[in-house]
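K.L.:
here is a sequence together with a model predicted from it:
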Amino acid sequence: ELYNETVAKAFLQFYEHTAQVVWNQFMEATWNYVTNITNKNREEMLLKDMERSQHTLYFGTRAHLFKIDDFQDPDVKRMLSKLQNVYKAALPKDELQEAPAVLAGRAGARAEGQPERGLTLAPFLGLDLEEIMATSRDQEELLWAWQGWRDAVGLQVRMTFERYVQLSNKAAKLNGYKDMGAMWRSAYESDTLERDVEQLYEELQPLYLNLHTYVRRALYRFYGPQLINLRGPIPAHVLGNMWAQSWVSILDLVLPFPEKPPEDVTRIMRGQHWKPKKMFQEAEKFFTSLGLLSTPPEFWKNSMMERPTDGREVECHASAWDFYNGEDFRIKKCTEVTIEDLLSIFHQMGHIQYFLQYKNLSVIFRTGANPAFEEAVGSVITLSASSHSQLLTRGLLSRQHQDEEEEVNVLMSIALEMVAFIPFAYLVDLFRWKVFDGTIQKAVYNQEWWNLRLKYQGLCPPIPRTEDDFDPGAKFHISASMPYIRYFFSLVLQFQFHEALCKASGHVGPLHRCNIYNSKNAGKLLEDVLKLGSSKPWPEVLQKITGETKVSTKALMTYFKPLLNWLVTENVRHGEILGWPDFSCTFDKET
Ligand SMILES: O=C(CCC(O)(O)[C@H](Cc1ccccc1)NC(=O)c1ccccc1)N[C@@H](Cc1ccccc1)C(=O)O
Ligand SMILES: [Zn+2]
């Protein structure tokens with residue numbers, strides 16, 4: 001009959017050649033917009049987005065005509081089933097037109113006319129406010145920045161968020177999913193994803209609880225009892241980050257051994273006159289030291305490594321770009337010369353390495369084995385890049401020896417980045433899954449957001465919040481409709497990968513001292529995984545690198561064991577209450 005396997009192969013060839021052109025044009029137009037936000041560039045992006053949707057719909061509807069179950073070739077079956085999901089292209093034309101203004105919030109279009117004043121100010125405002133959140137120790141100033149950002153951006157997103165939920169769920173249903181949360185979760189090819197991540201979270205909770213309790217004590221010492229309740233949640237504006245998702249900026253307030261502070265790598269970088277380009281070259285050197293691929297000339301010619309100084313408005317959230325022609329790959333980042341940005345560049349270069357490794361696969365398979373794999377690649381390299389031995393080798397540290405207490409200090413700084421992140425990375429999509437499935441209704445969006453922030457992060461808003469606010473909208477990924485559970489999953493995966501790569505590199509000793517730099521064995525293991533893209537189910541890919549088919553928190557717990565021991569001893573010594581039995585947020589001061 002007509003739609004047999006031979007026809008399917010020709011159909012896929014036809015898809016392949018047309019998709020490369022359509023996707024390349026869409027990426028070019030989107031790149032032009034986010035690196036020069038003007039109405040003209042927005043129009044051009046929307047046009048290319050429409051063409052891409054028409055292309056997706058043309059092939060998606062026809063892919064449903066094949067009886068995939070009768071086919072033999074596993075690749076043909078897998079490619080056809082992936083084509084069948086057409087995402088938002090399933091929407092009727094008029095709603096598809098409306099979608100960009102609604103779906104991509106801050107990063108994307110506004111319905112018509114000039115973008116809101118607050119929004120055009122926001123990107124510039126954003127980096128300065130984040131700087132204040134990281135460096136200020138004046139809680140009034142921190143409150144001003146915290147509230148300022150939410151008023152400037154959060155409220156804008158609120159206006160379109162309900163319509164965004166409607167359109168998203170309609171598109172999901174048209175693709176056969178019960179809601180958009182189910183469609184997002186389908187990227188993991190598992191019908192137990194929600195329970196799996198909940199289980200991982202529960203295994204990690206004791207580690208987070210002990211860190212939270214210790215940090216609360218340290219903040220109590222600095223800010224006093226009128227701000228910090230030792231039996232209650234921590235106010236969200238004093239953790240050194242706009243979303244309290246990373247606490248590394250308050251390391252100086254919580255250092256276990258303050259008489260042995262770690263060297264300030266940022267100061268050393270600036271003393272050595274590091275520039276953004278050198279930071280990218282540094283990250284590339286690490287990947288090539290593993291025998292992995294180097295970046296093509298286009299990367300250095302076309303990337304945007306610094307915020308432009310010609311007055312152009314750009315989207316400053318870092319990202320890596322594949323232009324689907326096998327040779328054009330870019331990073332967009334408003335790089336500052338800091339250790340945080342150097343490590344963030346390692347993360348972005350991990351995305352680029354994935355693009356390079358799978359560039360000869362069909363376009364359909366040019367994504368990570370699952371979205372968490374994409375995020376984990378760069379982050380696993382970062383674990384080695386930020387190790388004492390690596391920073392020493394690269395001349396970014398001068399002190400050779402590190403004694404036991406200095407090591408606890410370093411583990412604390414890594415935990416402030418990684419362990420503090422665990423509940424935040426978990427709750428962002430817990431919130432959105434509940435919004436999509438209707439558990440959380442519009443009337444209580446903000447209250448339910450703060451219920452989750454209290455339950456999982458043990459945080460409180462520093463001032464009373466109402467339903468006129470929309471605090472979730474203050475996070476880029478929510479305003480840009482970017483799924484987030486991938487970062488939670490990636491956090492666990494990156495330690496599992498790190499353990500496997502360290503073993504392959506012949507490392508002996510504690511996991512947190514491992515540095516895989518120059519290990520061709522570790523590089524080979526990683527290469528074998530990356531070049532598969534999404535052509536195989538991710539448990540198979542996970543097994544190739546770790547020997548296991550299940551995600552496990554064992555490696556992460558091993559890595560932080562020395563710190564957890566220290567934290568438990570410290571918290572017991574102070575007779576601390578783990579958790580926040582006083583769950584109320586103290587606004588009205590008794591005093
Ligand atoms: O958002 C990022 C880093 C940006 C990115 O590399 O994950 C970026 C996000 C993004 C931006 C614009 C459009 C789409 C996605 N993702 C990529 O550039 C990307 C993702 C998948 C494939 C190719 C590129 N990190 C998260 C979480 C995180 C990750 C690692 C350390 C700390 C925190 C955050 O900052 O909250
Ligand atoms: Zn990423």
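P.N.:
Ah, there it is. Residues are numbered from 1 along each chain as shown. Ligands and ions are numbered 1, 2, ... in the order given.

K.L.:
residues contacting the residue in the stretch 401-550 of the chain that ligand 1 sits nearest to?
P.N.:
For the stretch 401-550 of the chain and ligand 1, the shortest gap (CB to the nearest ligand atom) falls at Y487, measuring 4.4 Å. For glycine as for every other residue, the C-beta is placed from the backbone atoms N, C-alpha and C. Neighbour list for Y487: A372, E375, F421, A425 [criterion: CB atoms under 8 Å, 6 or more residues apart in numbering].

K.L.:
can you name the element that comes right after the host helix or strand of it?
P.N.:
Using DSSP states H and E, Y487 maps to helix 485-504. Along the chain past helix 485-504, the next helix or strand (assigned with DSSP H and E) turns out to be helix 520-530.

K.L.:
can you list contacts of that following helix?
P.N.:
Contacts for helix 520-530 (CB under 8 Å, 6+ apart): 289-292, 353-354, 357-358, 369, 373, 377, 380, 497, 500-502, 504-506, 516, 541, 544-545.

K.L.:
skip the chain neighbours and tell me the closest residue to the residue in the chain positioned nearest to ligand 1.
P.N.:
Going by CB to the nearest ligand atom, ligand 1 is nearest to S319 of the chain, at 3.4 Å. In this structure, S319 finds its nearest non-sequential neighbour in K332, 5.4 Å apart by CB to CB, 6 or more residues apart in numbering.

K.L.:
okay, and the beta partners of that neighbour?
P.N.:
Beta bridges link K332 to M304, S319, judged by DSSP bridges.

K.L.:
for G291, phi and psi?
P.N.:
phi 90, psi 10 (degrees, to the nearest 10).

K.L.:
relative to S505, how far out is it?
P.N.:
Distance, G291 to S505, by CB to CB, to the nearest Å: 12 Å.

K.L.:
the two: which is more packed in?
P.N.:
S505 (20 against 15; other CB atoms under 10 Å).

K.L.:
where does the stretch 451-591 of the chain dip in pLDDT?
P.N.:
The stretch 451-591 of the chain contains residues with pLDDT under 70 at 587-591.

K.L.:
contact residues of it facing ligand 1?
P.N.:
Contact residues (CB under 6 Å from any ligand atom) of the stretch 451-591 of the chain with ligand 1: M482, Y487.

K.L.:
5 Å instead?
P.N.:
Y487 (CB under 5 Å from any ligand atom).

K.L.:
local confidence estimate at T18?
P.N.:
Per-residue confidence (pLDDT) for T18: 98.

K.L.:
on the three-state scheme, the closest residue to it other than its chain neighbours is what?
P.N.:
Distance criterion CB to CB, 6+ apart; nearest residue to T18, sequence neighbours excluded, is H55 at 6.4 Å. Under DSSP: H, G, I helix; E, B strand; the rest coil, the three-state class of H55 is helix.

K.L.:
the strands in the stretch 301-450 of the chain, which residues?
P.N.:
With DSSP state E, counting those that start in this stretch as the criterion, the stretch 301-450 of the chain has strands at 319-322, 329-332.

K.L.:
helix or strand right after the helix or strand of the chain with the lowest mean pLDDT?
P.N.:
For the chain, using mean pLDDT, DSSP states H and E, the weakest element among its helices and strands is helix 117-135, scoring a mean of 70. Sequence order places helix 139-149 as the next helix or strand after helix 117-135, per DSSP H and E.

K.L.:
hmm, back to that, now render the strands of the stretch 301-450 of the chain as TSV, adding mean pLDDT and mean neighbour count.
P.N.:
TSV is the format used below for these (pLDDT from 0 to 100; neighbours: other CB atoms under 10 Å):
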stretch	mean pLDDT	mean neighbour count
strand 319-322	98	21
strand 329-332	98	23
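
K.L.:
mind putting those in JSON lines, distance to R185 included?
P.N.:
Below are the strands of the stretch 301-450 of the chain laid out as JSON lines (distance: least, CB to CB, whole Å):
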{"stretch": "strand 319-322", "distance to R185": "23"}
{"stretch": "strand 329-332", "distance to R185": "28"}
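
K.L.:
R465: which of those is closest?
P.N.:
Of all the strands of the stretch 301-450 of the chain, strand 319-322 sits nearest to R465, with 29.8 Å by CB to CB.

K.L.:
and the host helix or strand of I545, what does it pack onto?
P.N.:
Using DSSP H and E, I545 maps to helix 538-546. When contacts are defined as 3 or more CB pairs under 8 Å, 6 or more residues apart in numbering; DSSP states H and E, helix 538-546 sits against helix 485-504, helix 520-530.

K.L.:
how about that helix: buried residues?
P.N.:
W538, V541, L542, I545, T546 (16 or more other CB atoms under 10 Å).

K.L.:
enumerate the residues of the protein near ligand 1.
P.N.:
A318, S319, A320, H351, E374, Y487.

K.L.:
and with 6 Å instead?
P.N.:
H317, A318, S319, A320, H347, Q348, H351, E374, E375, S379, M482, Y487.

K.L.:
if you rank those residues by neighbours, which is first?
P.N.:
Of the residues of the chain next to ligand 1, with other CB under 10 Å as the count, E375 tops at 24 neighbours.

K.L.:
measure that one to Y484 for me?
P.N.:
10 Å.

K.L.:
any stretches of the chain with poor pLDDT?
P.N.:
In the chain (pLDDT under 70), the answer is 103-126, 587-591.

K.L.:
change it to 90
P.N.:
Residues of the chain that meet the criterion pLDDT under 90 lie in 1-2, 97-128, 152-159, 399-402, 583-591.

K.L.:
so for the protein, the centremost residue is which one?
P.N.:
Nearest to the geometric centre of the chain sits Y487, at 4.8 Å (CA atoms, centre = their mean).

K.L.:
quick check: angle from the helix holding Y487 to helix 538-546?
P.N.:
Using axes from the mean of the first three to the mean of the last three CA atoms, to 10 degrees, one finds that helix 485-504 and helix 538-546 are set 30 degrees apart in direction.

K.L.:
report the distance from helix 485-504 to the chain centre.
P.N.:
14 Å (CA atoms, centre = their mean, to the nearest Å).

K.L.:
okay, it in CSV with CA atoms only?
P.N.:
Taking C-alpha atoms only, helix 485-504 is exported to CSV below (Å, rounded to 0.1, in the frame of the first residue of the first chain):
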residue,chain,number,x,y,z
ILE,A,485,12.8,20.6,35.3
ARG,A,486,15.8,19.9,32.9
TYR,A,487,18.1,21.8,35.3
PHE,A,488,17.0,19.7,38.3
PHE,A,489,17.5,16.5,36.4
SER,A,490,20.8,17.8,35.0
LEU,A,491,22.1,18.6,38.5
VAL,A,492,21.8,15.0,39.5
LEU,A,493,23.0,13.7,36.1
GLN,A,494,26.1,15.9,36.1
PHE,A,495,27.4,14.3,39.3
GLN,A,496,26.6,10.8,37.9
PHE,A,497,28.5,11.7,34.7
HIS,A,498,31.4,13.2,36.8
GLU,A,499,31.8,10.0,38.8
ALA,A,500,31.9,7.9,35.6
LEU,A,501,34.3,10.2,33.7
CYS,A,502,36.5,10.5,36.8
LYS,A,503,36.7,6.7,37.0
ALA,A,504,37.5,6.5,33.2
